[in-house]
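Enquirer: below are the sequence and a predicted model; questions follow.
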Amino acid sequence: MFKTKTLSSFKGMFPPIHQPLPLDKRESKKLLETITSSFRAQLDREHGAPTTRPPLSAPTARHLSAAGANIPERPVDRHLRAILTNPLFGQNNEPTAPRETKSPLLSSSGRNHKEVFEKAVGKGLMTIDRAHGFLLAVLKSIRESSTGSVSLGMRESGAGLLVVQWLRASGQEQGLSFLSNKRFIQLLLRYMVAGDLSGLAWTWFQRLIEMEKAADDARPQALLESLVVAQWETQGLEEAYSSILKADGLVREHDVSPDMLSQAWVTIARRTATDSWGHKMPTADLFESFLGVGRRIPAAHLLEDAHLDLHHPTKPSHDRAVELLSSDGIWREVSRFKSDSSFAKVLKLLSFDTLKHLVRVGEVKLAEEVLVRISALLNSPRLELDLSQREYFEDAMRWFRGEDRALY
């Protein structure tokens, strides 16, 4: 039986290992130049070698700079940049230097909302509720800052894009389940409209109405309403009207019930009648088309129809409003609602607007008849109105008699 040799017996078979001798200053410099030139050559092979030119005059430099901006970016570079800027991969534990200028992404205490958001995303802690909180925090900072316009501050903050990128990277955009959270989607749409991301909202809307049982899904209605309200606030009535017409076209194309448009249509109709003083009225053709969409919706919206007639850009009419206010049915209906309900508020404003319109066009006698009708109904035992509702219409009477008219 042979005895196994120990490891030490092989020592003589290998040459001795020596530590590298220390380099002097000249040799160190030469080694650094060799490594640098090798690295530079590798970069030149992958991205192209830079050209050396004499200094350019200022106009020439500006011209070339503008021309260079039009050079198409490589697909690899775009892909790499998309990865590096995605908040899902943007975890960074190193503190950043404080900014000199006030940013919408900075709180009053100097906290950077974007950094907090990206760290939460990087750690897998981001949720819809936290994303909603992030958007609220940025909105609060915008309102506290010196930004002249809230929508401009929303656009410059880029917060909407950050949240959209997270929805896409985390896979939540695939199922669109986040659209069930109405508070979140209302705020997100404000950021998206301000940041020119409305096209993505239309993609979501079309995907929803293409799904099975789309008519029973509340998400497309909530999404469309949030979109048109955000457009009304940021861009005006014409943009909101145009979106209603676009949605009507998509609903027709996919053979979906026009009831899907009811929520958004009624909301914008009421904004037109009650809050139009701060917005430019749409053209007569666009207004007529908007009314046409309303006529296709089976749900009753008598108050809105009558009120829109009073605000027609070229042919205002009081006929339907007078007929409505002279009927018993509408007053019995208001007794079913609380005084602060939207129905009661719209009826109050319709009463005021009808009286003002009748006086303005010289129909004083008709205005008196409407006012007498309102007064008689207020004293009727069949009409159970609370104190606030009675005060609404007593205000209308005082206005007609010339008291407090400056308030309206």
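Expert: Thanks, I have it.

Enquirer: so what's Lys114 scoring on pLDDT?
Expert: Per-residue confidence (pLDDT) for Lys114: 88.

Enquirer: so where's the stretch 251-400 of the chain shaky on pLDDT?
Expert: When residues are selected by pLDDT under 70, those of the stretch 251-400 of the chain lie in 276-278, 331, 334-341, 376-400.

Enquirer: got the domain boundaries for this protein?
Expert: Domain assignment for the chain, taken from automatic domain parsing, gives 83-93+103-173, 197-299, 301-408.

Enquirer: make CSV from those domains and add mean neighbour count and distance to Arg183 to it.
Expert: Yep, even glycine has a C-beta here, placed from its N, CA and C like the rest. CSV is the format used below for these (neighbours: other Cβ atoms under 10 Å; distance: least, Cβ to Cβ, whole Å):
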stretch, mean neighbour count, distance to Arg183
domain 83-93+103-173, 17, 7
domain 197-299, 17, 10
domain 301-408, 16, 18
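
Enquirer: redo those domains as TSV? Include distance to Leu32.
Expert: Shown next, in TSV, are the domains of the chain (distance: least, Cβ to Cβ, whole Å):
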stretch	distance to Leu32
domain 83-93+103-173	29
domain 197-299	49
domain 301-408	75
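
Enquirer: out of these, which is closest to Thr36?
Expert: domain 83-93+103-173 (25.0 Å; Cβ to Cβ).

Enquirer: please name whichever of the domains of the chain is nearest to Arg190.
Expert: Here domain 197-299 is closest among those (Cβ to Cβ), at 4.7 Å.

Enquirer: surely Arg270 and Phe343 touch.
Expert: No: contact criterion Cβ atoms under 8 Å: Arg270 and Phe343 do not qualify, at 10.3 Å.

Enquirer: contacts for stretch 301-310?
Expert: By Cβ atoms under 8 Å, 6 or more residues apart in numbering, the residues outside stretch 301-310 that reach it are 262, 265-266, 269-270, 272-274, 287, 291, 294, 316-321, 323-324, 330, 343, 346-347, 349-350, 353-354, 357.

Enquirer: show me these that map onto strands.
Expert: Members of those lying in strands (criterion: DSSP state E): none.

Enquirer: which of these fall within helices?
Expert: The members of the contacts of stretch 301-310 that map onto helices under DSSP state H are 262, 265-266, 269-270, 272-274, 287, 291, 294, 319-321, 323-324, 330, 343, 346-347, 349-350, 353-354, 357.

Enquirer: this protein: strands as residue ranges?
Expert: Under DSSP E, the chain gives no strands.

Enquirer: so Asn112 bridges to which residues?
Expert: Leu106 (DSSP bridges).

Enquirer: start at 15 instead
Expert: OK, 15 is where the count begins now, so the last one is Asn126.

Enquirer: ok, now which ones touch Phe148?
Expert: His127, Val130, Phe131, Ala173, Leu176, Val177.

Enquirer: what's the per-residue pLDDT of the fourth one here?
Expert: The score at Ala173 is 93. That number is its pLDDT.

Enquirer: state the distance from it to Gly209.
Expert: From Ala173 across to Gly209, the span is 8 Å (Cβ to Cβ, to the nearest Å).

Enquirer: list residues touching both of these two?
Expert: With Cβ under 8 Å, 6+ apart, Ala173 and Gly209 have no common neighbours.

Enquirer: tell me where the stretch 165-314 of the chain has helices.
Expert: 173-183, 186-189, 196-208, 212-224, 233-248, 251-267, 276-288, 298-310 (DSSP state H, counting those that start in this stretch).

Enquirer: what about the stretch 65-214 of the chain, any weak spots by pLDDT?
Expert: Where the stretch 65-214 of the chain drops to pLDDT under 70, the residues are 65-124, 160-161.

Enquirer: repeat that with 80
Expert: Along the stretch 65-214 of the chain, segments meeting pLDDT under 80 span 65-125, 160-162.
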